[in-house]
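In: I'd like to go over a predicted model; first the sequence, then the structure.
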Amino acid sequence: MDANALDLSRLQFAITVSVHIIFPAISIGLASFLAVLEGCYLKTGKAHYKELCVYWARIFAVGFGMGVVSGVVMAYQFGTNWSGFAKFAGPITGPLLTYEVMTAFFLEAGFLGIMLFGWDKVGPKAHFAATVLVAIGTLISTFWILSSNSWMQTPQGYRIENGHVVPVDWLAIIFNPSFPYRLAHMTMAAFIVAALIVAGTGGWHLLRGRRDPEVRTMYSMALWLLLVLAPIQALVGDQHGLNTRHYQPAKIAAIEGLWETEKGGTSLNLIGFPDMQAEQTRYAIKIPHLGSLILTHSWDGEIRGLKEFPKEDRPNSSLIFWTFRIMAGLGVLMILTAIVGALLRRGGKLFEFRPYQWLTVLMGPMGIVSLIAGWITTEAGRQPWVVYGVLRTKDAVSPLTAQSAGLSLLIFIMVYSLVFGTGIYYILKLIFVGPGHAEDHASVSAPAQPAEASGRRPLAAAATE
């Protein structure tokens with residue numbers, strides 16, 4: 001086993017999982033959005049709800065397809081690059097992923113065709129039921145995938161026999177200690193990712209002069225969702241942090257760049273540059289006792305420093321110190337964006353204040369950035385374990401050479417750039433065109449026009465506000 005092959009295999013999996021997680025997050029959020037839109041259409045009969053449903057279903061379909069393709073690739077990597085993990089943990093992770101396929105993927109795939117192509121082929125209630133079932137399928141999928149990942153973070157309900165784990169208590173395996181927090185955190189993250197994309201799309205078209213019901217409705221709905229979920233996500237993240245401190249204290253110390261255990265209250269390193277070799281955080285700006293308040297909810301709570309853990313058991317603080325701050329900083333910005341939107345709505349300027357519309361456009365992809373930063377934090381923070389405290393990453397990798405691992409990494413980068421670059425380009429093209437009649441918005445590069453010039457009624461359906 002060449003030592004470099006481990007790093008190359010880790011890098012390959014990091015790239016593939018980072019690309020993959022984008023599309024399920026979009027699909028989870030948009031599926032529920034589509035169900036709400038179609039429900040509103042059935043209840044009110046207003047055509048713009050159906051128009052939005054058809055429009056966002058196209059983007060959902062592309063994201064769903066990209067998620068399936070990238071997910072299959074990840075599953076194969078368990079056998080090609082991580083055979084040690086597959087052999088050791090397969091008796092638990094294998095069934096969990098099988099449950100996901102049998103209960104979620106089959107449900108999604110079975111009703112996806114009706115949702116996308118069945119508007120004129122089945123009745124309205126049957127079509128709505130199909131849309132709801134697809135949305136439920138995405139949530140069930142989230143349940144099983146997060147259960148499997150959470151078990152790797154906080155393993156429970158097993159024993160080790162003949163070099164592999166044997167399930168003893170499936171309820172303890174599925175509902176392991178970190179699972180409820182991770183499930184809630186990821187599900188709300190997916191909704192927030194979708195809300196920011198929808199709000200960014202609405203902001204883009206408002207800047208171009210559109211004021212039709214489709215644009216106003218999706219913009220308003222997305223900002224309402226962001227206003228509700230962004231603060232709740234912060235509270236869930238706080239509880240998740242308390243859980244992580246209990247079960248993965250080294251991860252918390254690395255996230256905070258904390259080397260020494262501070263008696264009588266722990267400072268928070270607001271910014272700094274952790275140095276793994278020197279065992280210190282350089283140029284740190286500290287706020288006394290704030291670390292204790294956040295991580296223990298007490299003034300003088302004690303947090304173990306990294307020096308209390310063996311060097312071989314320490315996560316890479318230089319990386320996750322900053323990925324966590326990217327995630328948390330963007331989360332604060334999301335809350336502020338939602339609050340400003342509520343104030344503008346109250347003042348009747350939500351659809352007219354162009355600086356705020358530019359802000360929502362810029363915030364559009366920030367949910368994805370925050371999502372990836374969060375996953376890097378939780379996965380790199382688990383190192384050097386692939387099953388925390390049970391199986392080290394270096395023992396999970398396949399017996400590869402650096403040359404074979406490097407070649408497959410290069411191929412993955414080229415193929416992913418082509419395939420998923422094309423998919424993302426197509427999604428962006430659909431976003432730039434926007435909902436409504438294609439003949440009204442055929443050119444994605446057309447200059448902004450006043451609403452009266454678009455052939456639509458200006459300021460229609462003010463009730464969508």
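Out: That came through fine. Everything numeric here is computed off the predicted structure, so don't read it as measured data. Numbering: from 1, shown residues only.

In: Name the residues of the strand or helix carrying residue 326 that are buried.
Out: Secondary structure from DSSP states H and E places residue 326 in helix 317-346. The neighbour-count check on helix 317-346 (16 or more other Cβ atoms under 10 Å) flags 317, 319-328, 330-331, 333-335, 337-338, 340-341, 344-345 as buried. C-beta coordinates here come from the backbone N, C-alpha and C atoms, glycine included.

In: Let me see the contact set for residue 182.
Out: Going by Cβ atoms under 8 Å, 6 or more residues apart in numbering, residue 182 touches 146, 149-150, 153, 240, 378.

In: what number of residues lie near residue 67?
Out: Neighbourhood size, residue 67 [other Cβ atoms under 10 Å]: 23.

In: which residues touch the closest residue to it other than its chain neighbours?
Out: Once flanking residues are discounted, residue 67 sits nearest to residue 23: 3.5 Å by Cβ to Cβ, 6 or more residues apart in numbering. Listed by Cβ under 8 Å, 6+ apart, the contact set of residue 23 reads 63-64, 66-67, 70.

In: Just those: which are in helices?
Out: Taking DSSP state H, the ones among these that sit in helices are 63-64, 66-67, 70.

In: need the contacts of residue 182 in CSV with secondary structure and distance to residue 136, can you?
Out: Converted to CSV, the contacts of residue 182 look like this (DSSP: H, G, I helix; E, B strand; the rest coil; distance: Cβ to Cβ, whole Å):
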residue, secondary structure, distance to residue 136
146, helix, 16
149, helix, 21
150, helix, 21
153, helix, 26
240, helix, 24
378, helix, 26
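
In: name the element the residue nearest to the spatial centre of the chain belongs to?
Out: For the chain, residue 371 is the residue whose C-alpha lies nearest the centre (Cα atoms, centre = their mean; 4.0 Å). Per DSSP H and E, residue 371 falls inside helix 366-380.

In: Can you name the residues in contact with that helix?
Out: Residues outside helix 366-380 that contact it (Cβ under 8 Å, 6+ apart) are 14, 17-18, 21-22, 25, 153, 182, 185, 189, 192-197, 251, 255, 315-316, 319-320, 323-324, 326-327, 330-331, 333-334.

In: Stretch 158-169 now?
Out: Outside of stretch 158-169, the residues within contact range by Cβ under 8 Å, 6+ apart are 87-92, 95, 155-157, 173, 387, 390.

In: Which members of these are classed as buried?
Out: Buried residues within those, counting neighbours by 16+ other Cβ under 10 Å: 88-90, 92, 95, 155-157, 173, 387.

In: Which of the residues you listed fall in helices?
Out: With DSSP H as the criterion, helices contain 88-90, 92, 95, 173 from among the buried ones among the contacts of stretch 158-169.

In: Reformat those into CSV and put pLDDT next to each item.
Out: Below are those laid out as CSV (pLDDT from 0 to 100):
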residue, pLDDT
88, 94
89, 93
90, 91
92, 94
95, 93
173, 96
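
In: Assumed residue 259 was part of a helix.
Out: No: according to DSSP: H, G, I helix; E, B strand; the rest coil, the state of residue 259 is coil, so it is not within a helix.

In: number of nearby residues for it?
Out: Residues near residue 259, counting by other Cβ under 10 Å, number 21.

In: so who does it touch?
Out: 253, 279-281, 305-307.

In: which regions of this structure lie under the pLDDT threshold?
Out: 1-3, 437-465 (pLDDT under 70).

In: mind giving me the domain ranges of it?
Out: 15-176+400-437, 227-391 (automatic domain parsing).

In: can you list the ones you listed in JSON lines and add distance to residue 220?
Out: Listed next are the domains of the chain as JSON lines, based on distance: least, Cβ to Cβ, whole Å:
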{"stretch": "domain 15-176+400-437", "distance to residue 220": "11"}
{"stretch": "domain 227-391", "distance to residue 220": "7"}
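
In: Just tell me which of these ends up closest to residue 217.
Out: Relative to residue 217, the nearest member of those by Cβ to Cβ is domain 15-176+400-437, separated by 5.9 Å.

In: before we move on, the earlier item: how about JSON lines for the ones in helices among the contacts of residue 23, with distance to residue 140 added?
Out: Shown next, in JSON lines, are these (distance: Cβ to Cβ, whole Å):
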{"residue": "63", "distance to residue 140": "18"}
{"residue": "64", "distance to residue 140": "15"}
{"residue": "66", "distance to residue 140": "20"}
{"residue": "67", "distance to residue 140": "15"}
{"residue": "70", "distance to residue 140": "19"}
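
In: Pick the one among those residues closest to residue 114.
Out: Nearest to residue 114 among these is residue 64, at 13.9 Å by Cβ to Cβ.

In: sorry, back to before: other SSEs contacting the helix holding residue 326?
Out: Packing partners of helix 317-346 (3 or more Cβ pairs under 8 Å, 6 or more residues apart in numbering; DSSP states H and E): helix 213-247, helix 249-256, strand 268-275, helix 354-363, helix 366-380.

In: Which two among the buried ones among the contacts of stretch 158-169 are spaced furthest apart?
Out: That would be 90 and 156, which, of the buried ones among the contacts of stretch 158-169, are the farthest apart (Cβ to Cβ) at 17.4 Å.

In: ok, and which of the helices and strands packed on helix 317-346 has the densest surroundings?
Out: The highest average neighbour count among these, using mean count of other Cβ atoms under 10 Å, belongs to helix 249-256 at a mean of 24.

In: list the helices and strands it packs on?
Out: Packing contacts for helix 249-256, counted by 3+ Cβ pairs under 8 Å, 6+ apart, involve helix 213-247, strand 268-275, helix 290-296, helix 317-346.

In: okay, now residue 19: neighbour count?
Out: 24.

In: Just the helices from the stretch 51-200 of the chain, written as ranges.
Out: Using DSSP state H, counting those that start in this stretch, the helices of the stretch 51-200 of the chain run over 83-100, 106-117, 124-153, 170-174, 179-207.

In: wait, which of those is closest to residue 33?
Out: Evaluated over the helices of the stretch 51-200 of the chain, closeness to residue 33 peaks at helix 179-207, with 5.9 Å, by Cβ to Cβ.

In: What are the buried residues along the closest one?
Out: Result for helix 179-207 [16+ other Cβ under 10 Å]: buried residues 179-206.

In: Taking their axis directions, it and helix 366-380 sit at what angle?
Out: Put simply, helix 179-207 runs at 160 degrees to helix 366-380, going by axes from the mean of the first three to the mean of the last three Cα atoms, to 10 degrees.

In: Helix 124-153 and helix 179-207, what's the angle between them?
Out: Helix 179-207 and helix 124-153 are oriented at 130 degrees to each other (the same axes, to 10 degrees).

In: tell me the angle of helix 179-207 relative to helix 354-363?
Out: Helix 179-207 runs at 130 degrees relative to helix 354-363, counting by the same axes, to 10 degrees.

In: returning to that earlier point: from the ones in helices among the buried ones among the contacts of stretch 158-169, which single one is nearest residue 123?
Out: Checking those one by one against residue 123 (Cβ to Cβ), the nearest turns out to be residue 95, at 37.8 Å.

In: quick one: contacts for that closest one?
Out: Counting by Cβ under 8 Å, 6+ apart, residue 95 has contacts residue 167.

In: Before I go, just wanted to say thanks for your time.
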